[in-house]
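Novice: here is my input, please return the structure:
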Amino acid sequence: MSHLRYAAAAALALASIVFLSGCVAEQSAFTDLRGDRESHDELPQLADYAYDEVEESTSRFVGEHDGTSLWLAQGLDGYRVCIVADAGDDGWIVGCGGGTTKISGLAGTFEVLPDHAPAPGGATQLSENVYAW
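Specialist: So this is what the prediction gives:
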């Protein structure tokens, strides 16, 4: 019976390592989220609820497009990537998704893609992972 418990514990440990490795690999697919965080990577002050799904300490500034400033960050769940678009005043939008995330609103239309994904047609590349229309 003790051999069975040992085998079950070993299988559970191995499954945990595989599962956690998948989480890390998912985030590593976004070059924009790597590197040291600097002061300009801080997210802007938005409505209280704006960052409910965003891990704010992981944000990285990725550029500007037509007066809209953009940041990427990890989602609180560790699986999603979030994009923050701020055009000032009330022109902002935040969206989180899996491998691909597309947002559209007063701040503009933007899409986040993992490294090496094909560029969307008609879009302007703003960073390694962010495109705008």
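
Novice: remind me which residues of this protein are low pLDDT?
Specialist: Where the chain drops to pLDDT under 70, the residues are 1-27.

Novice: so the residue nearest the centre of it bridges to which residues?
Specialist: The geometric centre of the chain, computed from its C-alpha atoms, lies nearest to Val81 (CA atoms, centre = their mean), at 2.1 Å. Judged by DSSP bridges, the bridge partners of Val81 are Gln74, Gly97.

Novice: ok, it touching Arg60?
Specialist: No. If you go by CB atoms under 8 Å, Val81 and Arg60 don't touch, sitting 10.6 Å apart. From N, CA and C alone the C-beta is placed, and that goes for glycine too.

Novice: any common contacting residues for these two?
Specialist: 33, 72-73 (CB atoms under 8 Å, 6 or more residues apart in numbering).

Novice: neighbour count and distance to Ala85 for those - can I get that in JSON lines?
Specialist: Listed next are the shared contacts of Val81 and Arg60 as JSON lines, based on neighbours: other CB atoms under 10 Å; distance: CB to CB, whole Å:
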{"residue": "Leu33", "neighbour count": "19", "distance to Ala85": "16"}
{"residue": "Leu72", "neighbour count": "25", "distance to Ala85": "11"}
{"residue": "Ala73", "neighbour count": "25", "distance to Ala85": "12"}
